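Peer 1: Okay, predicted coordinates and the sequence, questions at the end:
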Amino acid sequence: MLRLFPALAVIALAVVALYQRNQASLRLRGEPTVADLQIAYDAEVSSGEDALHDKNLKIVGAQCAAESGEAFSCQVGFVKTDEESERIYLDAALVQRKNEGGWKLLRGLCRRLL
């Protein structure tokens, strides 16, 4: 029995390593996270290309589904950091994976009405 234990330990370590590698691979190909969406939103706001974005949103949750190619549609929950209430707003957003890594916000996240 003692001779089997080292072999089981090696197998267990191999399984853990394989699992971690697969999780990393899925993460690279998977849907955007809340952090990914916040970074894409912040980049869009700071680019100054579109003055219709509010500049004070903090994303607190998201559910995303694959669209065509590298695009994902997401239902996003966010708070406005300049409001005293902790009201959660919902919006739809469309993001696309960039070739160089990261995400590009294509549509959504509280564009102001004129």
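Peer 2: Structure received.
Peer 1: all helices for the chain, in order.
Peer 2: Assigned by DSSP state H, the helices in the chain fall at 4-29, 34-47.
Peer 1: mean pLDDT for the ones you listed: which is lowest?
Peer 2: Lowest mean pLDDT within these: helix 4-29, a mean of 49.
Peer 1: Would you agree Val45 is in contact with Lys55?
Peer 2: Yes - if you go by Cβ atoms under 8 Å, Val45 and Lys55 touch, sitting 5.3 Å apart. (Glycine included, C-beta is placed from N, CA and C.)
Peer 1: okay, those two: which has more neighbours?
Peer 2: More crowded of Val45 and Lys55, by other Cβ atoms under 10 Å: Val45, with 18 against 12.
Peer 1: and the gap between that one and Glu86?
Peer 2: With distances taken as Cβ to Cβ, to the nearest Å, Val45 is found 21 Å from Glu86.
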